[in-house]
Structures are given as structure tokens and as C-alpha cells.
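Visitor: quick one, fold the following:
(chains A, B, C and D)
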Number of protein chains: 2
Amino acid sequence: MMKQMTIYDIAKLANVSVATVSRVINSTAPVKDSTRKKIEALIQQYQFQPNAMARSLLKKETGIIGIIVPDLTNPFYTEVLAGAEQEALTTGHTFLLTNSVGDYQKESQYLSIMREKRVDGMIFLGGRINLKIGDEELDQELIQHASTIPTVLVNGTVKGNALTRVATDEYTGTCMAVQHLIECGHKQIGFLGGEMHMSTTSTKLRAFKKTMREAGLEVREEWILTDSFSIYSGRKQMEKLLQLADKPTAVMCVNDFVAIGAIKTAVDHELTIPDDMSIIGFDDIPLSHHFIPEITTVSQEANELGRTAIQVLQKLMNQEKVKKHTVIEPKLIVRKSSARLN
Amino acid sequence: MMKQMTIYDIAKLANVSVATVSRVINSTAPVKDSTRKKIEALIQQYQFQPNAMARSLLKKETGIIGIIVPDLTNPFYTEVLAGAEQEALTTGHTFLLTNSVGDYQKESQYLSIMREKRVDGMIFLGGRINLKIGDEELDQELIQHASTIPTVLVNGTVKGNALTRVATDEYTGTCMAVQHLIECGHKQIGFLGGEMHMSTTSTKLRAFKKTMREAGLEVREEWILTDSFSIYSGRKQMEKLLQLADKPTAVMCVNDFVAIGAIKTAVDHELTIPDDMSIIGFDDIPLSHHFIPEITTVSQEANELGRTAIQVLQKLMNQEKVKKHTVIEPKLIVRKSSARLN
DNA sequence: CTGAAAGCGCTAACAC
DNA sequence: GTGTTAGCGCTTTCAG
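Guide: Predicted coordinates for the structure are as follows:
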């Protein structure tokens, strides 16, 4: 590997001081045209790039935003990321990305790395902040951490809502979806969840029950299943549901993955969706638009969520005032996996 | 924001010199047990984290691997990333991730950032390294860049194969898939591609033609369509194909996205897949396993690809000898979107 | 076992 | 316009 040049090397070659070189690099003060030209030529010739470490050490800014996501292969998260990236570009920030796989210990480890690397700010998604009953110690660690690095939580929170967060209104979103099912004439509606100890599941379940009750419909416990957030989990849950003698005519799923799994298994069992059963997802991952049948779902506006998260973070980093809680309104997207009860 | 402590603060509090603190942090030399304990307690108490910038400046190592991907929302790339992350974890490296959206100018910009930040190494995916006819200048920039930072290219190359790369054998993979179709009795086979100027498309097309010819089958130019790599593109292409009076009984698609689009449009047109037409994809994204029908495809072993790329990069970073070209063997995954011609 | 001091590459006063 | 110099926070000789 070729050694990288330093500002000293350039200065020597140009017969000027390092300060002058620094000035042309940062256009921070006027420099005589001829010397500027000379220096610029040298920089070009040797492909000189100033060392960001050295600069950061001094400026106390790295231009890096740390991100912790729970699952890189989940399209919802990548969509959030894509939105965030787009927005971060406007201020020239780059992402230090880590994948926690929902492992709390890894989260802690990554939190440490972010601090060592002195990221300018960070975004935290999933994992511990999605726990229905937060863990005292984990929350404390995160809060502590946030006192030193501007941090925004996406779709989650910690004890006492102590930190800045932006989140989709999952409760309302679920109400809208269930309401849609009810308006389609369904009276026997089930719920397929993710892990019960995650707030995503419990929030949506609460919304589900409340909407049912307000419509005067019975909430049947045997139609409420929970497992995990994967496609495979959707399959398992639908498998169970179909074994029941008395089956619902519609189900609300905790996310699109579970909905896909549910549809797939239903189809395997010779059901036609939506004729034999309406199935609704949540998230509006790109795939839900392309699946056969196209899936009715609630859009989390993932891209906007990501962009907003960064906007809030940027304000935080600039020491501006920000709302402690920004909410993104979800949208019901009616497609082909739900229909009138006939 | 609370100010972060420095090694000086700790040293002062412990009544020792910074050198001693450094020693306990890095266990780089023996320290008296009692002073060690004292320092450790302080570090714990104030949650002190050494500043990685300062250290990197000295050690000329950042612990960061730069990654340029063309599309964060494409499951193939995220799967590669997930594999890479897993492997990078073994050496404690973290990712500086950038999303080029296939924009060559952005790639250049990100290349610069990687150099400024002095990443220890980098992985480049997609974009310019996938051009059928490489751009002289862009290649030169990348080669130049690689002379200063260990770099590995994934599924692509530059002029003269000047750089280290790991890649799936797309040619062989395509041959396998087409061969499978032929063995199913198909004689009228089409090809749905991505952009024609990308090597992925042209390589696969070459393999397609060669396999057809060797089997004594006619290559019909009107059945060879190219557009882009998206689901939407698959839809458009299938739309065109179905307008033909004489249609193929099977099609090979450049990737799973195109296959999904093709299937969806075919189904919209009341065709049954695979009974009326066999359709094969490429990549084996998770979705292809869950789509209805499940998609026959060629697995790129994305996760392994990512892991291997990092392994090779690690060797490169350690100045070990590495093969200039590591190839990953693809696998044919026969599922439900292809069947015997009846 | 511990401390003093040099230096990593850069920026920002402060002089001239 | 330009040069000198003092750090930024850390590691690492070199002495003791």
C-alpha cells in the first residue's frame, strides 16, 4: 500500500507552510492566486486527502452518524435506512452501521463503539427499545449514553420516555385496518402477532381489541396468536388457526412478513385469498405491493420515518429545540388481500 | 450534552500519569494492582471511553471497513451485507456504509470520504464495476484508490482485472438454469434481462445463448428483452412478451425481481405458472422462497459471498497473499415456478 | 512499576 | 498573504 501524504508533504513540495495548505483546502482565508494554484495542482497530482481523524480530533466532529438496526435483511428497516441516508446526505453525514440482530448484548457493544468513535449522533431502532416492559438496566445504559451523544429512537422508547423519539402511530394504524375489516362486513376477526413481549405486538393487540369492542364484536382469545415477526411465524400461526373448527373470516397481522406467511399457508390449504379469508398486514414493505394477491396493509411510511429521524437528529446535533416525540401518521393501503365478506 | 472525559482527567483523579492510565486501558504493561484497581474504578464510574480518533491517528488503524452498495433496498445486497457484518465482527471491524444508488458520481464522492476517514479497507459492490464496457476514468480512479486502501470488488471488476475480487460464477449459474429448462422439455425459451450495458445482463445472456445452441435450440431474438433489474421492469417485459403471437414456453430472468414481475404479469393475464409457462430467476432472495408460486432460481449464496469478501479483505489488510479472483459456485434451486413442458 | 515528553496530522489563533 | 506554534487525546519510547 502506498503511504498517504500529509499536509506537511504538500507544504514542503510547494515551499509554503502547512497553514497555507490548510487555507486552500478549507478556503478559510485568502491565499495568493499563484500559490493557491500551485498547491491545488500538488493536491490533485498526489491525490492528497486530508486525514479526517486529525481534523475530527480538533473539531470534535466526525461527520458520522451511528445507526443500530435489529435486522438488515428486513425490508422495513432498509427502507428506513434509505430514507435516512438520503436526508443525511444533505449535511454530508455518513453512516456507521451496525446490525444488532435484536441481541441486547450486541447493542451494548455497539453503543460502546459509537462512543469510542465519537459519532456526532445516533439512531437506534428495534431491540431493547421495543420491549413491552423495558429492562431497567438496558434503559439506563441507553439514557446515559444519550447524555453524551445526541440520540433519537425510532419506533420505540425507554422508561419514562426520557429520550427523543420519532415513531409511527401503530395504535391508530391498527385501528384503521381493523375498522376496514369491520366495514367489509367481517365480524369474526383474528389477530396474528409477533413476540408478545415486544411493544409492537402489544400495542397493536390493544388497538385491535379496542376497535372490536367498540364495534360490539366479540374478541375470541383462540383467534389471537402470537409467535415472532417472521414469514415462517406467519405460516405456523395460520396453520394453527386453520385447525380450529370455528375459524375467523379475517385476520389482522402484526406485520407484512406474518401476513405473507399466513397467506401462503392459507393458499397451501386450498383457500382463496381474499374470497375465503381477508388478511391484512402492516408496514407496506415493497413486496406487499408485488405479492399475489397484493396485500392490504398499513403503511408506516418507512422512508419518511427515516428522513424525519435524521431531521430531528440534525436539530438535536445543532442544539436546537426539538419535540420529544414526533409521530408519523400511518396510512391504510387497501389492496387485494381483503374484501367484503360474502 | 455532557463533555466526554479524557485520559488526562482520569489520570488527574487517580494521581497518576496518563501513561499509566493508558497502560491499564490497553494492558500493555504491568501496573501495580492497587493503582490498577483505582483507575479501573474511575473509568467505570465516569464511563470513560478512550477517543478512537486520537488512537487511530497514532496507530493508523480505524477499525472501520468502508462499504459501497448500489441499493440498500435490494435483498440480495442486504444479504451480502449481513454475511459480511457477521464476518467482520470476528475482527471487531465496523462498517461505514454508503448507498450509491448506482450513481457513479456518488461513488466517487464516497470513495473520497472513505479515504479521508482512513478506513482500513473497503468493499465495493455494483455500479461502475458492473459495466459491460468499463469506463476508463472511473476504473482508473478506483485502481488508484485501491493502491492506498485494501479493496475488494464483489461481483464485478475493472479494466484488466487489476483488483482483487470475489464473485459468483454467473455464467455457469445461468447455464445450469437454462439446462434445467431444457431438461424439462422446453424448446422455446426466452430471456428477460436487466440493463444491457451491465455485465450481469450480458454475461447471463451469453451463457443463455451458448446453452441453447449447444442443445441445438433456436435463439429467438424477439424473445430476448432487456430493460432494468426491477420488479416493474419484469412486468413490462412480460407484458411485451405476451403480446407476441408466438410465445416461449419458458423464460430465464436476469434476477428474482424481474422473475417476480414477470410472474405477476403473467398471472394477471390469466396464465398459470408453471403450467402455462416456466419462469426462473437468479439470486435466491428470501422472497423467492415465499412467493406464490415459489420461484425456481439460482442461488448466489449471498451470505457466503459477503463473508468471503471480508475474509479476503482481512487477508489483504494483513498483507497476506490472496488470490486475485475468488469464485463462489452458484446453486440451482428448483422450486415451483418451473415444470416439465406438457 | 511509573512519569516525561515526543509526535500522529490537522486547524486556528497570533504574529508579521 | 503567509508563517509559527499550540494544542486535540492518545500511545510509546526512554529514563528513572
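Visitor: anything in the helix or strand bottoming out on mean pLDDT in chain A near chain B?
Guide: Here the helix or strand of chain A ranked lowest by mean pLDDT, DSSP states H and E is helix A:286-290, holding a mean of 93. Yes: counting by C-beta under 8 Å from any C-beta of the partner chain, chain B is contacted by helix A:286-290 at A:286, A:287, A:290. C-betas here are computed from N, CA, C, even on glycine.
Visitor: tell me the buried residues in that helix?
Guide: Within helix A:286-290, the residues that qualify as buried are A:286, A:287, A:288, A:290, counting by 16 or more other C-beta atoms under 10 Å in any protein chain shown.
Visitor: can you list those in a markdown table and add distance to residue A:342?
Guide: Putting the buried residues of helix A:286-290 into a markdown table (distance: C-beta to C-beta, whole Å) gives the following:
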| residue | distance to residue A:342 |
| --- | --- |
| A:286 | 30 |
| A:287 | 27 |
| A:288 | 24 |
| A:290 | 26 |
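Visitor: closest to DNA strand D among the residues you listed?
Guide: Top of the list for closeness to DNA strand D, among the buried residues of helix A:286-290 and by C-beta to the nearest atom of the strand, is residue A:286 at 43.5 Å.
Visitor: ok, back up a step: looking at the buried residues of helix A:286-290, which is nearest residue A:320?
Guide: Proximity of the buried residues of helix A:286-290 to residue A:320 (C-beta to C-beta) peaks at residue A:286, which lies at 33.5 Å.
Visitor: wait, what's in contact with the closest one?
Guide: A:75, A:79, B:73, B:231 (C-beta atoms under 8 Å, 6 or more residues apart in numbering or on different chains).
Visitor: go again using 6 Å as the cut-off
Guide: Under the criterion of C-beta atoms under 6 Å, 6 or more residues apart in numbering or on different chains, residue A:286 has no contact partners.
Visitor: picking up where we left off before, following the least confident helix or strand of chain A, which helix or strand comes up?
Guide: Sequence-wise, the next helix or strand downstream of helix A:286-290 (DSSP states H and E) is strand A:297-299.
Visitor: contacts for that next one next, please.
Guide: Everything outside strand A:297-299 that qualifies as a contact, by C-beta under 6 Å, 6+ apart, is A:173, A:177, A:256, A:281, A:282, A:284, A:288, A:330, A:331, A:332, A:333.
Visitor: okay, and which of those residues map to strands?
Guide: The subset of the contacts of strand A:297-299 located in strands under the criterion DSSP state E comprises A:331, A:332, A:333.
Visitor: look up how far residue B:126 lies from the residue in the stretch 201-342 of chain A positioned nearest to DNA strand D.
Guide: Nearest to DNA strand D, among the residues of the stretch 201-342 of chain A, is residue A:317, at 17.7 Å (C-beta to the nearest atom of the strand). Residue A:317 sits 31 Å away from residue B:126 when distances are taken as C-beta to C-beta, to the nearest Å.
Visitor: and residue A:66, what does it touch?
Guide: With contacts defined as C-beta under 6 Å, 6+ apart, the neighbours of residue A:66 are A:96, A:114, A:119, A:122.
Visitor: what about 10 Å?
Guide: Residues in contact with residue A:66 (C-beta atoms under 10 Å, 6 or more residues apart in numbering or on different chains) are A:95-98, A:110-111, A:113-115, A:117-124, A:149, A:151, B:94.
Visitor: got the buried residues for the host helix or strand of it?
Guide: Counting by DSSP H and E, the secondary-structure element that holds residue A:66 is strand A:64-69. By neighbour count on 16+ other C-beta under 10 Å, the buried set for strand A:64-69 is A:64, A:65, A:66, A:67, A:68, A:69.
Visitor: helix or strand next in line after that strand, which one?
Guide: Elements were assigned by DSSP H and E; along the chain past strand A:64-69, the next helix or strand is helix A:75-89.
Visitor: and that next one with helix B:75-89, angle?
Guide: Relative orientation of helix A:75-89 versus helix B:75-89 (axes from the mean of the first three to the mean of the last three C-alpha atoms, to 10 degrees): 80 degrees.
Visitor: could you check how far residue A:104 is from DNA strand C?
Guide: 35 Å (C-beta to the nearest atom of the strand, to the nearest Å).
Visitor: ok, that residue touching residue A:128?
Guide: Yes: checked against C-beta atoms under 10 Å, the pair residue A:104 and residue A:128 is within contact range at 5.4 Å.
Visitor: related to what we said a few turns ago, in helices only, show me the contacts of residue A:66.
Guide: Secondary structure of these is defined by DSSP state H; positions in helices are A:110, A:111, A:113, A:114, A:115.
Visitor: surely the third one is in contact with residue B:52?
Guide: Yes: under the criterion of C-beta under 10 Å, residue A:113 lies in contact with residue B:52, with a separation of 8.2 Å.
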